[in-house]
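Enquirer: When you get a sec, could you give me coordinates for this:
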Amino acid sequence: MRVLVGEKWQDDYLDQFLARDSVRIQVLAWKNLQAIRDQYIVREKSLIKIWNYVREVGVWQIYLKIRSRLRESLRNEKFISCGVGIVQAAGEDVSLQPGQHVVFLAGNHPRCMERIVLPASLVQNCETIPQYTSEGLCYYPTSNHSESSSWWSPLYGWSAFSGTSYEIATCAEVLQQAEASLRHSQETPQRLPLVPSTPPLEQRTSKVRPSSTQHKSAILFGYGHYAKSIILPHIKHHLNLVKAHEVDPTQIPGPRDAPPIQFDTSPLPRDGEQYDVYLIAGYHHTHGPLAAHALRQGAWAVVEKPLVTTWQHLEELTEVLRDGPGKGLYGCFHKRYHPFNDFAKQDLGVSPGQPISYHCIVFEEPLPEHHWYRWPNSGSRLTSNGCHWLDHFLYLNDFSRPTRLEVFESTDETLNISVELENSAFFTMTLTDQGTRRIGVQDYIELRANQVTVKMVNSSTYLAENDQRILRRRKYPKIKNYNLMYRRIASQIEQDDKGDSLDSVLTSCGLILELEDELQRQRK
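Expert: Residues are numbered from 1 along each chain as shown. Sure thing, here's the model as predicted:
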């Protein structure tokens, strides 16, 4: 499929996935209405920023980050647009038929596409518009026109994965405005050639498919920055990555630049897919269902945080962990894998089950207004980010059950969380985005037990002290425990390890969901 990059078509992109309730359209006319702003975290190009990060994470890691971020420039360029086209294919639940002329509203897409897949509710049958034919695509860039009002604003930045609903009547009204805007346009469009037209393609194997090896086969869901810079570099010596699913075609590299694996734009596993390991790092609300699917297939599920976002997902995951054929589940809470944990247990002088109280102040980077972490499907900042420190607290206390919890949200959306466990360990967390973004996420942690205090700052400095002296000081590269986590998980899977216990999943996920419920009750 072709995508407009700057003023030229760029070929070799995969088509979007055609779901049961969606329509694939061959585009005849496309009008950019407005650029989508404040959607992605885009780093400023600054040598000082790079130097700050190099000091924190090292040269190699910053190289991986920069290389990955530079390849996201097209992903970051999204628009709300309208257009007309011809239905090429329709999902099973859609009444539109191939060959029909339609008008559409694309709420969050690249500058222009040869074909587009949209939910049927954003597509409406219309009469043929004479000036738009199949001899080329008529393109109206944003800079060449102005509208009297932002009639498209109810669907600005909308994504089918967000969980944000809209009124069907509102959508119908917007589509009528879109048709009128295109039918009566007084502007002269650019004519983009489409000869020959490329056939729809949702899957592609790049270069040569890897031959079978002694390593277990793996499939990845979510080919984003985190996967490319953290997951893939550190599993390659233990697992054989065969396929990657990524819903945004602009995130998938072209055939010449791609690794030798298969790519697929489906958000779900295809019928008949069988792999030993599922690496799950897509949208948060997909984690639980994909993990349950992997376990039902008799595979391992390696799941980024949060493991689940709803009680229903936790119930499904619990059932399959208890009764299913799955090999095991690993929750990717990187703080569990930090070498500081062993130092802390030694210095605090605790035996298994004894309480370790935990107090932390956490700075998370401010999220752009339309970032996907803000979607209803993703949960609050507590679920999306705060789960790391809550899980770390439970991990250090051998997943003792919570007995009391409290949530307080300030007017600037800072969260104060308190939790007490059965073993009397106490937790407090201040989670905020008010502060400096100089080196990204920052945290200060204190652990307390047996008249000893352990301090950990930014996962990189460690200090333990008692009443008489400093017991231990240590330094550690800030992001290295992410790398260590994936290497250790992949190595354990090689050895057929069973992964996390059912009790740890229930306790950690249950606490996060209870706190999320309490926060949402207060907001209402």
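Enquirer: can you count the residues close to Ala344?
Expert: 23 (other CB atoms under 10 Å). In short, each C-beta sits where N, CA and C put it, glycine included.
Enquirer: Surely it touches Leu396?
Expert: Yes. With contact defined as CB atoms under 8 Å, Ala344 reaches Leu396; the gap is 7.2 Å.
Enquirer: remind me which residues of the stretch 151-300 of the chain are low pLDDT?
Expert: Applying pLDDT under 70 to the stretch 151-300 of the chain flags residues 207-213.
Enquirer: let's see it at 80
Expert: For the stretch 151-300 of the chain, the stretches with pLDDT under 80 are 195-196, 206-213.
Enquirer: same question, the chain
Expert: Those would be 41-73, 134-135, 142-149, 195-196, 206-213, 437-439, if you go by pLDDT under 80 across the chain.
Enquirer: residue ranges of the helices in this structure, please?
Expert: 47-57, 59-70, 73-76, 168-183, 225-226, 232-235, 284-296, 311-323, 340-348, 381, 387-396, 480-494, 502-523 (DSSP state H).
Enquirer: Pretty sure Thr250 sits against Pro110.
Expert: Yes. Counting by CB under 8 Å, Pro110 is a contact partner of Thr250 at 6.0 Å.
Enquirer: so what's in contact with these two at the same time?
Expert: Jointly contacting Thr250 and Pro110 under the rule CB atoms under 8 Å, 6 or more residues apart in numbering are Val3, Leu74.
Enquirer: Count the residues that sit near Ser501.
Expert: Ser501: 13 neighbours (other CB under 10 Å).
Enquirer: any idea how far it is from Thr318?
Expert: Ser501 is 12 Å from Thr318, where distance means CB to CB, to the nearest Å.
Enquirer: Please enumerate the shared neighbours of Ala344 and Leu396.
Expert: Common neighbours of Ala344 and Leu396 (CB under 8 Å, 6+ apart) are Ile356, Leu447.
Enquirer: If you count neighbours, what's buried in the lengthiest strand in the chain?
Expert: Longest strand in the chain, counting residues (DSSP state E): strand 22-35. Going by neighbour count (16 or more other CB atoms under 10 Å), the buried part of strand 22-35 is Ser22, Val23, Arg24, Ile25, Gln26, Val27, Leu28, Ala29, Trp30, Lys31, Asn32, Leu33.
Enquirer: I figured the second one was touching Ala89, is that so?
Expert: Yes. With contact defined as CB under 8 Å, Val23 counts as touching Ala89 (7.5 Å).
Enquirer: which residues does Cys332 contact?
Expert: By CB under 8 Å, 6+ apart, Cys332 lies in contact with Val302, Val303, Glu304, Lys305, Met485, Tyr486, Ile489.
Enquirer: what about the closest residue to the last one other than its chain neighbours, distance to Gln312?
Expert: Just to be clear, that refers to Ile489. Closest residue in space to Ile489, ignoring its immediate chain neighbours: Tyr330 at 4.9 Å, by CB to CB, 6 or more residues apart in numbering. Relative to Gln312, Tyr330 is positioned 22 Å away (CB to CB).
Enquirer: ok, these two, which is more surrounded?
Expert: Using other CB under 10 Å as the criterion, Tyr330 and Gln312 rank with Tyr330 on top: 25 against 11.
Enquirer: Might you report the residue contacts of the nearest residue to Val87 once chain neighbours are set aside?
Expert: Among residues not flanking Val87 along the chain, Gln100 sits closest, at 4.7 Å (CB to CB, 6+ apart). The neighbours of Gln100, taking CB under 8 Å, 6+ apart as the test, are Ile86, Val87, Asn125.
Enquirer: Please apply the same query to Thr414.
Expert: Contact partners of Thr414, counting by CB under 8 Å, 6+ apart, are Thr430, Leu431, Thr432, Gln434.
Enquirer: likewise Ile219?
Expert: Leu241, Val242, Lys243, Ala244, His245, Pro269, Glu273, Tyr275, Val277, Tyr278, Leu279.
Enquirer: Pretty sure the last one sits against Phe221.
Expert: This points to Leu279. Yes. Between Leu279 and Phe221 there is a contact at 6.9 Å, judged by CB under 8 Å.
Enquirer: about what we covered before: show me which of the contacts of Thr414 are buried.
Expert: Thr430, Leu431, Thr432.
Enquirer: closest to Glu365 among those?
Expert: Using CB to CB, Thr432 comes nearest to Glu365 of those, at 10.7 Å.
Enquirer: Need the nearest residue in space to the closest one, chain neighbours excluded.
Expert: Counting by CB to CB, 6+ apart, the residue nearest Thr432 is Thr414, at 4.2 Å.
Enquirer: Same question for Asp248.
Expert: Arg75 (6.1 Å).
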